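**Q** Here is my input; please provide its structure:
(4 chains)
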2 protein chains.
Amino acid sequence: MMDSAAVIGALGALAQEHRLAAFRLLVQAGDEGMPAGAIAEALGVPNSSLSFHLAQLTRAGLIRQERQSRSLIYTADYAAMNALLGDLTENCCAGAACAPDAGCGSGAAPVQERKSA
Amino acid sequence: MMDSAAVIGALGALAQEHRLAAFRLLVQAGDEGMPAGAIAEALGVPNSSLSFHLAQLTRAGLIRQERQSRSLIYTADYAAMNALLGDLTENCCAGAACAPDAGCGSGAAPVQERKSA
DNA sequence: CAAATATTTCCACGTTCATCGAAATGATGG
DNA sequence: CCATCATTTCGATGAACGTGGAAATATTTG
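**A** The predicted structure follows:
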């Protein structure tokens, strides 16, 4: 049951090209996560700019930060994302076409496996 | 399969207090929709401000406008919202806790019935 | 401690966003 | 066609956002 402010914060955090891309990247990276530098390189965004965006995502509670020696590893917070989707689904469900059955094994990204890459 | 730009547009459209409230109101209003004035009053936002927000939601494809004599009736576009949720779900599904089973009949808002109000 | 590495914070800049009164546009009725 | 009602567009203003180089902050290594 996220409150409106949290929902708005999460939506706003994802409503930006680089942040959405970063979040998607982290979701695909799985629990292993990725260091800030790798994300910046993958996205082609300067470190300082990316740092700003990662801070936004962190503040929204969508990702988490954890230091691993020199690097700061970022990981997606699935629970937070599911809470957001759940909240949105609740408020979208008007009896009409509800419960989006997309993705989730359809073949989009069978992630979480390629952690040994 | 919304493209990134569409997803960002929709997220950005919902990431604002008054717009999220307006969208929720329209979802609950069902196919009947609501005239701009009624939304403005319900939300306690000046007409001109609300008009701006409704335009944003419309541009994002989340709501639709239809004139009914003097009033402009707005209705939520469930398909668009479901497409958004589907896209987000796809990119959130990392094997972990996927498919948000919240709402959808749980008792949140058995809407779509009270259209004869 | 000094050098090297990984990231963040600071700062200044231009852009976009949100607000709301006032004026303009559209539609209806007498 | 004039008055009225419903809504939007215009315009100005202040706040928040996105950007990226330079400097500052951790952390490991020699």
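**Q** Where does the spatially most central residue of chain A sit: helix, strand or coil?
**A** The C-alpha lying nearest the average C-alpha coordinate of chain A belongs to A:F23 (Cα atoms, centre = their mean; 3.4 Å). Following DSSP: H, G, I helix; E, B strand; the rest coil, A:F23 is assigned to helix.
**Q** just the one 3 residues further on next, same as before
**A** Using three-state DSSP, the structure places A:L26 in helix.
**Q** Just to check, it is in contact with A:E32?
**A** No - taking contacts as Cβ atoms under 8 Å, A:L26 lies outside contact range of A:E32: 9.8 Å. C-beta here means a position set from N, CA and C on the backbone, and glycine is covered the same way.
**Q** where do the contact lists of these two overlap?
**A** A:T75 (Cβ atoms under 8 Å, 6 or more residues apart in numbering or on different chains).
**Q** Between these two, tell me which one has more neighbours.
**A** Shown here are A:L26 and A:E32; by other Cβ atoms under 10 Å in any protein chain shown, A:L26 has more neighbours (24 against 13).
**Q** For that one, give its distance to chain B.
**A** 9 Å (Cβ to the nearest Cβ, to the nearest Å).
**Q** Got the phi and psi for the closest residue to that residue other than its chain neighbours?
**A** The shortest distance from A:L26 to any non-neighbouring residue, by Cβ to Cβ, 6 or more residues apart in numbering or on different chains, is to A:A76 (4.0 Å). When read as degrees, to the nearest 10, the backbone of A:A76 gives phi -70, psi 140.
**Q** residue contacts, A:A76?
**A** With Cβ under 8 Å, 6+ apart, A:A76 has these contacts: A:F23, A:L26, A:V27, A:A29, A:G33, A:L62, A:I63, B:C92, B:A94.
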